[in-house]
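# Here is a sequence with its predicted model. Questions after.
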Amino acid sequence: MSLRLYDTASRKLAPVTSTNGTTTMYCCGPTVYRDAHVGNLRTFLLSDLVRRVLIANGVNVKLIQNITDVGHMSEDIESEDKMLAQAKAESLDPFTVARRYEASFHIDLAGLNIEKADAYPRASESIELMITMIEQLIIKEIAYVGEDGTVYFSAQAFPSYGAISGNRLDALKPGHRHEYSEDGAKRFHADWALWKSASGRSEMIWDSPWGSGFPGWHIECSAMSLHFLNSHINLHVGGIDLRFPHHENERAQSNAITGNESVDLWLHGEHLLFEGRKMSKSARNVVLLKDVIDRGFDPLAVRLCFLENRYRSQMDLTWASIEAADATLKRWRKKVQAWGTQVAVKDQVFLEILDNDLDTPKAIQYLRNLEKNDDLSNRAALFLFADQILGLDLNREELIKPLTSEQEEILKLRQIARSEKQWAKSDELRIELEGSGLEIMDGPEGQTWNWR
Ligand code: AMP
Ligand code: ZN
């Protein structure tokens, strides 16, 4: 078996491909003008899970994730760069803002046990790559310089536009909101800017053959993915909102350059809601990983919550589900410790559950069943294998609170009651122990206990 995932373009499950034994992956990274919220982190976790499953299947992976620090225009303030708007609001240099939020992004990834990508190229440091690509597109007559000095991609010059999102050009109405609004200078309403002329802007601008300006957001991902992954991407990952126009435009640009299908599989993660609502500043329900930590929860409880839902379904995160996941993590860690020192053993059944379009809810249920199966002698080994993919630090030592002398006394009495087959008394004592926070298990070796 090998990993199969749902490809947005073909609308089918498809095997993840590789090139010369390595799967090349590109995951759209953060726009570093603010802290990533837990929704963004759900999408970033998706590429980590895919990579871990591929590695467990014996496949090499090269993962690139970009840092968007220029060119991403704001949706609410038409044509204002998100980075510049935030820099103005904080009275700081835009690059200072970018570096600060980029650092927070890496802290959040570490908190969620998301393993590092092979490289995190910054858009602002890849301008040459983008300029070269735009020049090639102009030579191929797929891009043109508009009357306003901005370079546009000509959507009509790319016949299979719409293959990912289903948004074919003939159905796209003029006035549909696109990345830039200079409809006057464009030859066609669905064309988009590859290079935007500075026109009055004084920060985050670069020289180019078309005058000073800055790149569009979509060209950034084409340039970096093709450059760092040797002109072919086996698997491209992002949140569902990026399907259109970002990925549609990226596909058009990249394919126009390479002359073939540059990406084998387009994977999209569904959005996260918080307490039933879309996370937004105006709804004041934006939750950051540090909010979770401030409430005393293990950030990996959020990771477990994400795993309990399939990446392709919208999910609702709540404080109650984080609390429950936090308790499950503590219990599992104690059990792995109590089951004794073992080394991870490859569990093919577990791996095949994940190979089937990352069925993480089923994988978690599988572990819950293992947990209850007292006849198995290698539960720690199986949990530790699962943890290589799930990344929940199940091998972490949880401090085991000592028993009170009263609990020790009751446990002794219960042991005696059981040896004398006084079942009613044994049950009574168990209830008393449970009331004090213990969980009691009766096995062939006698009674054992855990803190709940
Ligand atoms: P941004 O930093 O806004 O460019 O977004 C980074 C990533 O997070 C992109 O892949 C988005 O698609 C994704 N994303 C944005 N909002 C959510 C959400 N509520 N749930 C899951 N992913 C999201
Ligand atoms: Zn992107």
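Received the coordinates, thanks. This structure is a prediction, so every number in the text was calculated from the model and none was measured. Ligands and ions are numbered 1, 2, ... in the order given.

# Give me the buried positions along stretch 424-442.
Within stretch 424-442, the residues that count as buried by 16 or more other CB atoms under 10 Å are S426, L429, R430, E432, L433, L438, I440. Backbone N, C-alpha and C define where each C-beta goes, glycine included.

# now do stretch 82-98
For stretch 82-98, the neighbour count (16+ other CB under 10 Å) marks K82, M83, L84, A85, Q86, A87, P94, F95, V97, A98 as buried.

# what's the spacing between the second one and T96?
Summarising the geometry, the distance separating M83 from T96, computed by CB to CB, to the nearest Å, is 11 Å.

# Under the pLDDT cut-off, which ranges of the stretch 1-150 of the chain? List them.
Where the stretch 1-150 of the chain drops to pLDDT under 70, the residues are 1, 73-79.

# Spell out which residues of it are next to ligand 1.
C28, P30, T31, G39, N40, R42, T43 (CB under 6 Å from any ligand atom).

# How about the contacts made by the last one?
Read that as T43. C27, V237, G238, G239, G269 (CB atoms under 8 Å, 6 or more residues apart in numbering).

# how deep is the residue of the stretch 351-452 of the chain found nearest ligand 2 tucked in, by neighbour count?
Closest to ligand 2 within the stretch 351-452 of the chain is L358: 20.7 Å, counting by CB to the ion. Neighbours of L358 under the rule other CB atoms under 10 Å: 25.

# Can you give me the domain assignment for the chain?
The chain resolves into domains spanning 4-269, 273-390, 405-451 when parsed by automatic domain parsing.

# Out of these, flag the one nearest E398.
E398 lies closest to domain 273-390 among those, at 4.4 Å (CB to CB).

# Straight-line length of that closest one, end to end?
Domain 273-390 has an end-to-end distance of 22 Å (CA to CA, to the nearest Å).

# Does that domain reach ligand 1?
Yes. Using CB under 6 Å from any ligand atom, domain 273-390 comes into contact with ligand 1 via M279.

# re earlier: for ligand 1, see how far away the residue of the stretch 351-452 of the chain closest to ligand 2 is.
In this view, L358 and ligand 1 are 15 Å apart by CB to the nearest ligand atom, to the nearest Å.

# Look at that residue and report its pLDDT.
Looking at L358, its pLDDT is 98.

# That one in helix, strand or coil?
coil (DSSP: H, G, I helix; E, B strand; the rest coil).

# Quick check: A338 touching G443?
No. Shown here, A338 and G443 do not form a contact pair, counting by CB atoms under 8 Å, at 11.8 Å.

# Quick check on the two: which one has the bigger neighbour count.
Legend: neighbour count by other CB under 10 Å for A338 and G443, higher for A338 (13 against 9).

# Now name the helix or strand holding the residue lying closest to the more buried one once chain neighbours are set aside.
Among residues not flanking A338 along the chain, N450 sits closest, at 7.0 Å (CB to CB, 6 or more residues apart in numbering). In the assignment (DSSP states H and E), N450 maps to strand 446-451.

# for the host helix or strand of I353, packing partners?
Assignment of secondary structure by DSSP H and E places I353 within helix 348-355. In terms of contacts (3 or more CB pairs under 8 Å, 6 or more residues apart in numbering; DSSP states H and E), helix 348-355 is packed against helix 38-56, helix 360-372, helix 379-390.

# Pick the one among the residues of the stretch 1-150 of the chain next to ligand 1 closest to ligand 2.
Nearest member of those to ligand 2, counting by CB to the ion, is C28, at 3.2 Å.

# Neighbours of the closest one, how many?
Around C28 there are 23 residues (other CB under 10 Å).

# show me what contacts it?
Contacts of C28 (CB under 8 Å, 6+ apart): Q65, N66, C221, V237, G238, G239, L242, H246.

# Which of those residues sits closest to ligand 2?
Nearest member of those to ligand 2, counting by CB to the ion, is C221, at 3.3 Å.

# correct me, but the closest one touches H246?
Yes. If you go by CB under 8 Å, C221 and H246 touch, sitting 7.3 Å apart.

# all helices for the stretch 251-400 of the chain, in order.
289-294, 300-307, 319-338, 348-355, 360-372, 379-390 (DSSP state H, counting those that start in this stretch).

# Turn those helices into TSV, including distance to P15.
Below are those laid out as TSV (distance: least, CB to CB, whole Å):
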stretch	distance to P15
helix 289-294	33
helix 300-307	22
helix 319-338	31
helix 348-355	9
helix 360-372	19
helix 379-390	18
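
# Could you identify which of those helices is most buried?
Most buried of those by mean neighbour count (mean count of other CB atoms under 10 Å) is helix 300-307; its value is a mean of 23.

# What is that one packed up against?
By 3+ CB pairs under 8 Å, 6+ apart, helix 300-307 packs against helix 38-56, helix 289-294, strand 315-317, helix 319-338, helix 360-372, helix 379-390.
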